[in-house]
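1. pasting the sequence and the predicted model now:
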Amino acid sequence: MKHLLISFLLFTAYSLAQDVQLKVPYERHVLPNGLNVILHQDKTTPTISINMWYHVGSGYEKPGRTGFAHLFEHLMFEGSGNVPEGKFDEWLEAAGGDNNGSTNTDRTNYWENVPSNALELALFLDSDRLGYLLDAMSPEKVDGQRDVVKNERRQSYENRPYGLAWETISKNLYPEGHPHSWTTIGSMDDLSAASYEDVVEFFKKYYVPNNASLSIAGDIEIDQTIELVEKWFREIPKGEPLPPINPAAAKLSEDKILLLEDKVQLPRLYMVWITPPQFHPGDAEMDLLANILTGGKNSRLYNRLVYELQIAQDVNAFQSSAKLSSEFYIIATARSGHTLDELKAVIQEEIDKLKMSPPTERELQRAVNQYEAGFLSRLENIGGFGGKADLLNSYFYYTGNPDYFNEDLARYKAVDVEDIRAMAQTYLVDDGRVILSIVPQGKPELAVSRKGDK
Amino acid sequence: MKTIQSVIKISYMYCKILITASTLIGFLLVSSNAFAQHPDRSKLPELPLPSPLNLPEVQKFELSNGLKVFLMEKHDVPLVQMNLIIKAGIVNDPGDKSGLASLTLDMMDEGAGDKDALQLADAIDFLGARISTNAGYHASRISLFTPYSKLNDALKLFAEIALHPTFPEKELARLKKERLTTLMQWHDEPNAIASVMFNKVLYGDDHPYGRPSLGNENSIKELSIDDLKKFHSGYFKPNNAYLIVVGSVKQSEVKQKLEKEFSKWKRAEVKQAKLTNARQVTDRVIYLVDKPGAAQSVISIGRIGVKRLTDDYNSIIVMNTILGGSFSSRLNQNLREQHGYTYGARSSFAFRDEAGPFSAGASVQTDVTDKALVEFFNELNAIRLPISAEELGKAKNYVALGYPENFQTISRIAIQLEEMLQYSLPENYFNNYMNDVLSVNAEQVHAAADKYIQPVQVAIIIVGDRQKIEQGVKDLNLGELKFYTIEDVLGKVPELTAE
């Protein structure tokens, strides 16, 4: 047993099953240029994850440039002032490392998972693209990644059954101009329009140390790591301060009933509501509500639609949480011979039941217990998406406290059955949601019917 | 996202330290002037020697009924993973009962002991545990992931599912319907269509590697409770199984718990299946499956590869890393970074008891399907030429030095152990692995490419919009061009009678 501190804290605490105390000890430093640095030691394996969050995502894009934050993410791997094109990946791989990045509405994250001896190599590469990306940027590079991203859009959305649901939902759920009213992948037209000049402007504005946080977890010595971070990042100048985007809270006050036809065998129903932002009151409740509706065979919707009635192939509910506002989804695919009206009737019935009377204590506890176990498994990985380095950055961005693990879990444990009912009443309204049907081509009769159509 | 996070099951093994590329050798000196205004960016930071991966030993013991248990203790997070491996799987499906192994495993948590499907699911979920069942080609797995604090209760359920599944008729009817609907949905999925066609072309319907493991419409409809019970009672024996345990539990403690749950499990003779030999691809044919309106063409090029137990395993791994096994591999650099034809191109060898497929593939935008094929073949030919020391060093380091990543979580460690046990790899295999990979030389990589990459003897599967791509593909003169509809590949959309 090598990393005694964490093991001790976790193990002793969890042996009292109902009183988990999660602790991820960290040190935080702020460089003079505003870069936040979060360090966490975990010597389970001789590996380190370097995780950088830039506090900019698709929600910050200008009109006519949807998809730009993500296109920009791709350009961050294409070399910088002291790193020739292609070498970012080659050098990391030659050291046994892997890397990736992702973009959502709120932020763009990047990670390198490396053997612990390659820490400085990763810091060199990550600091070089923050300090000197534009020295190596060119219109040709923008064109190259534009093609790649367009193919990402084709692969993940256009050539995938039901793949165009997401942009239809975003556009209809939010008012025009709201940062969530377009998708992170963006439109083909906007991707075509993105220019080299846009890259320069975006980089100078958002890719500055004071708009970023660097989290390093794994087999590190804290003091030595701070010195290395100072060495490579300190010289990068601070940018202009960035005020947070602050649109009016979105509210949908009508049902939008929408229909798309696609090359699919079976119709699929999407019901979507606007819900409280990540870590705000109601957010954890909606997570638990999703589990009560579709988590496992005994959950209400799965049990009725898939297990008992067998009129659906699948049903999933989830709260998709973000900084400005979240969305609650219920998605169900009808079996052959069944319509989306049949599915919707059952879903509505079950939502109404939850508004009338709260779930049972056991239903709620079952959901909370699953979350509790999930929190433990999050402590296993240091790197990649959702590893500890990424979570420390995430908690820091959303709550200001990198080690928010315990507080996060506490949100779930504090919920009672009446809270679930209250949230269902408040947010799963009958007159403010998007109801999208995606049906096989030429079969609009399988879709959810509009009021009065029947 | 920069690249898709796919579950790439490349079979690296554990390795001790050693490093060859000279640029990576050296010692890091944190000098007192680390705060100097500007660091020297003109050369790469020097890297110290990598740290060894100090894995706890694999503890072995047997229960009183002979069930072999392999334990790796890992105490940093209070979780336990158990994988019960049964040495029977999809290859044990009789020819007319394809889908049997996978349906049997799917049914195991649909009722066990005195609990019905709903009671069982409720009990597992309430613990916050996860129990999953899965049939592989040569082995089946029942796995448990549980907080240590719930181990006793979770273990009871795990053992009930493994040893005493009840196979209720009602649940079988439900799962059949679900499965037939899945087959129906494959008609929408270009990747599913390509994969079914690829396996069928390489191995044929008579070989289990050539058939969809879920079964087909007829076989699924025909499978009976009796078939499932026979599969279970025929293969689920302690002498045909082993148990892997990883996590925060001590041998003395877990042994006693396991004895309690598993010792009544009786030994019995088990008959193993024999595989027919598959015929290697000997010419180059293009199988174009029409998917009208497709925004991309899914391309899959390949032939039969090689068994897991082959002397040149490490050379193949290194060779494939260069060809299409990492982001900076040749296929991805060419098709994605240089040409922008795709979001990602890759290649892989499926290592199994018998020779699994080698495949190279990508989803490419429709209007460059022919150009993409040209680049695929450029790379398949080029990998057979001598490889530079730098490229070789990069690939070896990537495989060897990245290896410790596989040992962070208990579920991934269990998978590593599973491979070690399934192929009876020697006890020192893990410890030697890194040296073995780093000692692969250019000649061996060249030999592996020469032997396994045969660009004129491959099947080429393309799922895309025939009208838009046919002419371009034809003009390449790669070989005979055959046309298929989705129904030719998957059969008619299964009939499901709504009740």
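-> It's in.

2. OK, contacts around residue A:211?
-> A:34, A:54-56, A:239, A:242 (C-beta atoms under 8 Å, 6 or more residues apart in numbering or on different chains). For the C-beta atoms, the positions are set from N, CA and C on the backbone; glycine is no exception.

3. for chain B, state which of these is nearest.
-> residue A:54 (13.9 Å; C-beta to the nearest C-beta).

4. so who does that closest one touch?
-> Applying C-beta under 8 Å, 6+ apart to residue A:54 gives the contacts A:107-110, A:206-207, A:211-212.

5. if we go to 7 Å?
-> A:107-108, A:206-207, A:211-212 (C-beta atoms under 7 Å, 6 or more residues apart in numbering or on different chains).

6. over to residue B:204?
-> residue B:210.

7. repeat the analysis, applying 10 Å as the threshold.
-> With contact taken as C-beta atoms under 10 Å, 6 or more residues apart in numbering or on different chains, residue B:204 is in contact with B:210-211, B:276, B:278-279.

8. tell me the two of these that are most distant?
-> Greatest spatial distance among the contacts of residue B:204 (C-beta to C-beta): B:211 and B:279, at 15.5 Å.

9. and the average pLDDT for stretch A:409-416 is what?
-> Averaging pLDDT along stretch A:409-416 gives 97.

10. tell me the gap between stretch B:442-451 and the middle of its chain.
-> Mean-position distance between stretch B:442-451 and its chain equals 24 Å (C-alpha atoms, centre = their mean, to the nearest Å).

11. what are the buried residues along the helix or strand containing residue B:445?
-> Counting by DSSP states H and E, the element that carries residue B:445 is helix B:442-452. Residues of helix B:442-452 classed as buried: B:444-446, B:448-449, B:452 (neighbour count, 16 or more other C-beta atoms under 10 Å in any protein chain shown).

12. do the same with stretch B:217-229
-> Buried residues in stretch B:217-229, counted by 16+ other C-beta under 10 Å: B:217, B:219-220, B:222-223, B:227-228.

13. how many neighbours does residue B:109 have?
-> Using other C-beta atoms under 10 Å in any protein chain shown, residue B:109 has 24 other residues around it.

14. residues in contact with it?
-> By C-beta under 10 Å, 6+ apart, residue B:109 lies in contact with A:297, B:115, B:117, B:120-121, B:124, B:131-133, B:142, B:157-158, B:160-162, B:165, B:171.

15. among the residues you listed, the buried ones, what's the ChimeraX command?
-> Restricted to buried positions by 16+ other C-beta under 10 Å, the ChimeraX selection for the contacts of residue B:109 reads:
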select /A:297 /B:115,117,120,121,124,131,133,142,157,158,160,161,162,165,171
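
16. now, the contacts of residue B:109 that are in strands?
-> Of these, the ones assigned to strands by DSSP state E are B:115, B:131-133, B:142.

17. please enumerate the strands of the stretch 101-250 of chain B.
-> For the stretch 101-250 of chain B, strands defined by DSSP state E, counting those that start in this stretch occupy the ranges B:111-112, B:115-116, B:130-135, B:140-147, B:241-247.

18. quick one: these as a markdown table, columns for mean pLDDT too.
-> As requested, these are exported to a markdown table (pLDDT from 0 to 100):
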| stretch | mean pLDDT |
| --- | --- |
| strand B:111-112 | 98 |
| strand B:115-116 | 98 |
| strand B:130-135 | 98 |
| strand B:140-147 | 98 |
| strand B:241-247 | 98 |
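
19. mind checking which of these is nearest residue A:441?
-> Closest to residue A:441 of those, according to C-beta to C-beta: strand B:130-135, at 34.9 Å.

20. direction included, what does the closest one pair against?
-> Using DSSP bridges, strand B:130-135 pairs in its sheet with strand B:140-147 (antiparallel).

21. select only the buried ones of the contacts of residue A:211 in ChimeraX?
-> In ChimeraX, this line selects whichever of the contacts of residue A:211 come out buried by 16+ other C-beta under 10 Å:
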select /A:34,54,55,56,239
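
22. now for the contacts of residue A:211, which pair is the farthest apart?
-> A:34 and A:56, at 14.5 Å, using C-beta to C-beta across the contacts of residue A:211.

23. who's in contact with residue B:464?
-> A:159, B:190, B:194, B:288-299, B:363-366, B:369, B:470, B:473.
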